[in-house]
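Student: Give me coordinates for this.
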Amino acid sequence: MATTDRQATTLALAHALSAAERGLAVIPLARTKLPALRSPHRHAPAPGPFAACHGECGRFGHGVHDASTDPARIRALFAAAPWATGYGIACGLPPHHLIGIDLDTRPGDAEPDSSTALRELALRHLFTIPPTVVVLTPGGGRHLWLTGPPDHVVPNSAGRLAPGIDVRGAGGYLVGPGSRTRHGAYTVAPGTSHL
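Tutor: I've put the predicted structure just below:
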């Protein structure tokens with residue numbers, strides 16, 4: 001493994017452990033933004049006993065179902081995936097019930113940009129977008145972090161609210177700030193990390 005990859009993995013683990021200290025469950029991610037560990041059941045027949053395994057087998061490789069706030073488990077996950085250069089933060093879990101609003105940018109689109117579309121939705125439905133943590137993506141998009149309701153499951157969606165607006169809820173994850181992907185780094189927008 002190249003020195004830069006080792007450094008990226010070490011930084012990703014440090015950022016993941018820091019997020020876990022704040023109560024956010026994490027998993028290691030590859031440069032592709034996908035979970036770094038593949039399913040141990042990927043070669044099992046579909047109707048078999050492991051078709052719906054969410055980690056009950058005790059092995060790693062169940063994506064967001066592997067997410068943890070336990071430092072020892074996080075270190076074990078990253079040790080099993082030394083190529084990981086980022087981390088994902090599981091959405092919808094207590095204590096924060098994190099919901100991510102992913103605002104994509106698509107230069108040259110005829111549609112209004114996703115930020116404008118979100119403001120129009122807020123106006124139309126009479127809600128206020130609260131000051132919150134904002135993570136800047138390498139592609140010029142933004143992730144808004146919101147606290148979800150503890151008594152309601154918010155599902156994932158892509159473009160359902162408006163073009164360019166995806167929701168990451170229960171069963172989904174957000175790429176954590178400090179992660180490095182093929183396209184660059186995810187960073188916290190200035191002035192929002194304290195929110």
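Student: Give the buried residues for the longest helix seen in the chain.
Tutor: Longest helix of the chain, by residue count under DSSP state H: helix 3-21. The neighbour-count check on helix 3-21 (16 or more other C-beta atoms under 10 Å) flags 8, 9, 11, 12, 13, 15, 16, 17, 19, 20 as buried. Where C-beta positions appear, they are placed from N, C-alpha and C, glycine not excepted.
Student: which residues of the protein fall in helices?
Tutor: 3-21, 71-80, 114-124.
Student: who wins for proximity to residue 42 among those?
Tutor: Of all these, helix 71-80 sits nearest to residue 42, with 15.3 Å by C-beta to C-beta.
Student: the inter-axis angle of that closest one versus helix 3-21?
Tutor: Helix 71-80 and helix 3-21 are oriented at 160 degrees to each other (axes from the mean of the first three to the mean of the last three C-alpha atoms, to 10 degrees).
Student: what residue is smack in the middle of the protein?
Tutor: Taking C-alpha atoms, centre = their mean, the centroid of the chain lies closest to residue 174, which sits 1.4 Å from it.
Student: got a list of what the nearest residue to it once chain neighbours are set aside touches?
Tutor: Nearest non-adjacent residue to residue 174, counting by C-beta to C-beta, 6 or more residues apart in numbering: residue 100, 4.3 Å away. Taking C-beta atoms under 8 Å, 6 or more residues apart in numbering, we find residue 100 in contact with 91, 143, 144, 145, 146, 167, 168, 169, 172, 174.
Student: what's across from the second one in the sheet?
Tutor: Partner residues in beta bridges with residue 143, using DSSP bridges, are residue 102, residue 135.
Student: Next: the one 4 residues further on.
Tutor: The residues listed as beta-bridge partners of residue 147 by DSSP bridges are residue 98.
Student: That one reaches residue 93, doesn't it?
Tutor: No. At 11.6 Å, residue 147 does not count as touching residue 93 under the criterion of C-beta atoms under 8 Å.
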